[in-house]
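# this one's sequence-less:
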């Protein structure tokens, strides 16, 4: 027995925010079946199982259940409240007017979702007035930089964490070190009101592993999880402070279209980076071109897009790390990067502050450099303290 009614039960549980998903399946004639669900959960890693709890009286769930064992989980992003409400309200043609495509298993997959899981029903258990559906994940994909749609106390919204970080592609050691960096990144971003990111080297690329703050550039592109090649003029901090092997590798990657610069020019650039303790880039158009090209290369992973990215980076050439920043001059400040060293003295990460679209006085750029390098030094000190404890 219990001493509360159904409305009180619903109200109390509404204090717990939940993610919002659209469960989809293909009908007999290939039509899209769909229902909105706020009870999606991760069940097991090995085997990979997920679950959701539809009402037994739901006609949408009955149609999906009768369609077969295949179903898809579309995790909605914070701009898809209209999709969520339409699917919940409509009796038929639930995805009409929204972009979707069938997967290789025939399951409808919504465009612009934050993530998608293609599943096969493993078991259905009794859960009172709901069913408990457990599905085995056959394939999955995600867009790690997108924010989710949440349901809380009867309304929809989202949240922006102080910082976001990748959870794949780097070692467990680097992940632990990244936890030490994130509070510093968040404070610097808040203090400057600019986006701050952290990168590390992964194979032949540079991977953006953490981000704090939002971009106020004219082109707003998600950077978290983004890979760019380790080649001039990108990655100068890792080349300058990564030792002779890293420097040689970076200089070997000088592109034939490097804006008139050659290996000797970039070797001089690295010395300037070592002398100042940071690298920087000026020029909004050059920066915009790199960001657009890198977004395309990461979205498609097509070889031609990667070649285009390499060419665009090379063409930026001498817009990075010019000889001297004059205090009274104005600059199109694109970015500034400083190194972070681990307990072994290796250049483990780089921290980057991304400039705004406005022209910035040299004195203000130098003030950013001071705050950035101080933050990088604090990160290094934390990593060294953490390393001594292990």
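Ah, there it is. Everything numeric in this text was worked out from a predicted model, so none of it was measured.
# any low-confidence regions in the stretch 151-300 of the chain?
160-163, 167-168, 215-222, 257-261 (pLDDT under 70).
# the same query, at a cut-off of 90, please.
Within the stretch 151-300 of the chain, the segments meeting pLDDT under 90 span 151-176, 178-179, 203-204, 210-226, 254-266, 283-300.
# which residues of it fall in helices?
With DSSP state H, counting those that start in this stretch as the criterion, the stretch 151-300 of the chain has helices at 172-192, 236-241, 244-252, 263-276, 284-300.
# what helices and strands are in contact with the shortest one?
With contacts defined as 3 or more C-beta pairs under 8 Å, 6 or more residues apart in numbering; DSSP states H and E, the packing partners of helix 236-241 are helix 244-252, helix 263-276, strand 279-282, strand 333-341, strand 347-354. Every C-beta, even on glycine, is put in place using the N, C-alpha and C of the backbone.
# figure out how far it is from the centre of its chain.
Chain-centre distance of helix 236-241: 24 Å, with C-alpha atoms, centre = their mean, to the nearest Å.
# tell me which residues in it are buried?
Within helix 236-241, the residues that count as buried by 16 or more other C-beta atoms under 10 Å are 236-241.
# let me have these in TSV, extended by distance to residue 140.
Output for the buried residues of helix 236-241, formatted as TSV (distance: C-beta to C-beta, whole Å):
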residue	distance to residue 140
236	36
237	34
238	32
239	36
240	39
241	37
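# okay, the helices of the stretch 151-300 of the chain, which one's buried deepest?
Mean neighbour count, computed with mean count of other C-beta atoms under 10 Å, is highest for helix 236-241 among these, reaching a mean of 26.
# would you mind pulling the contact partners of that one?
In this structure, residues lying in contact with helix 236-241 by C-beta atoms under 8 Å, 6 or more residues apart in numbering are 201, 206, 230, 232, 246-247, 249-251, 269-271, 273-274, 278-279, 320-321, 337-339, 341, 347, 350.
# longest helix of the protein?
helix 362-389 (DSSP state H).
# returning to what we had before: of all the buried residues of helix 236-241, which comes closest to residue 188?
Taking C-beta to C-beta as the measure, residue 188 sits nearest to residue 237 out of the buried residues of helix 236-241, at 15.9 Å.
# picking up where we left off before, figure out which of the helices and strands packed on helix 236-241 is closest to residue 382.
Of all these, strand 333-341 sits nearest to residue 382, with 9.2 Å by C-beta to C-beta.
# Three-state assignment for residue 43, please.
strand (DSSP: H, G, I helix; E, B strand; the rest coil).
# quick check: it touching residue 52?
No: counting by C-beta atoms under 8 Å, residue 43 does not reach residue 52; the two are 9.9 Å apart.
# compare the two (neighbour count), which wins?
Just comparing residue 43 and residue 52: by other C-beta atoms under 10 Å the higher neighbour count belongs to residue 52, 23 against 16.
# how near is that one to residue 152?
As judged by C-beta to C-beta, to the nearest Å, residue 52 and residue 152 stand 18 Å apart.
# ditto for residue 51
As defined by C-beta to C-beta, residue 51 lies at a distance of 21 Å from residue 152.
# for these two, work out which one has more neighbours and name it.
Per other C-beta under 10 Å, whichever of residue 51 and residue 152 has more neighbours is residue 51, with 21 against 14.
# hmm, who's touching the helix or strand harbouring that one?
Residue 51 belongs to strand 49-52 when assigned by DSSP states H and E. For strand 49-52, contacts defined as C-beta under 8 Å, 6+ apart pick out 21, 23, 37, 39-43, 73, 117, 119, 122, 132-137.
# and the next element down the chain from it?
Once strand 49-52 ends, the next helix or strand along the chain (criterion: DSSP H and E) is helix 59-67.
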